[in-house]
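> Just a sequence and a predicted model for now, questions to come.
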Amino acid sequence: MGRIQKKKDPQKKRKKKKKAAAAGASPGAAASDGRKDSNKPSRPAAGAGAKTGRKQGMASGAVARKAGDLLEKGYIGKAVQFLREVKVELKKVTWPSRRQTIGSTAVVLVLVIIVSLFLGITDFILGKLVQMVLG
C-alpha cells in the first residue's frame, strides 16, 4: 500500500493487440482484458458458453472482472486511488516540531499586529486630513 500504483499505458495494450493480430491470433486471445494477472481466468472461447447454457463472455469471473473494472474506472476508484496517493505523499512531508510551530505562529501574530497598527494609524491620519479639507 505504500507504493504509488502507476496506470498502464493504453498504447502498449494496442501494440500487443496489433502484434497478436499480425501473428495470426485474435486480438482478444493475447490480452483478453489488458491485464497481466495470470491468476485470473481468461474469457471463454467462441462457443464455449453454449455448453454451459450461459451467454458468451458472461462467466462468473467475467462478471466479477466487470465490477472490478467499474470500480477502477469510476469515481469511487479514482477517489480511492487519490486518497492512497495523498497518504503516500503525506508520509514524505517533514513536519515542523512543536517548538518551530509555536515560534512561527508568534512571528506571524507580531507581524499582523504591526501591520494592523500601521494601517490603523495611517487611516486615522488620512481621515483627519480629509475632515480638515472638507470641513
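Great, that's in hand. Numbers count the residues shown, from 1 in each chain.
> how about the longest helix anywhere in the chain: buried residues?
Identified as the longest helix of the chain according to DSSP state H is helix 98-134. By 16 or more other C-beta atoms under 10 Å, helix 98-134 has no buried positions at all. To be clear about C-beta, it is placed using only N, CA and C from the backbone, and glycine gets the same treatment.
> when you give positions from now on, start the count at 200
All right, first residue 200 from here; so that's helix 297-333.
> Who are the packing partners of that helix?
With contacts defined as 3 or more C-beta pairs under 8 Å, 6 or more residues apart in numbering; DSSP states H and E, helix 297-333 has no helix or strand neighbours.
> pLDDT (mean, whole number) over the helix or strand in which residue 275 is found?
Assigned by DSSP states H and E, residue 275 belongs to helix 274-291. Helix 274-291 shows a mean pLDDT of 92.
> One more: stretch 320-334?
Mean predicted confidence for stretch 320-334 is 95.
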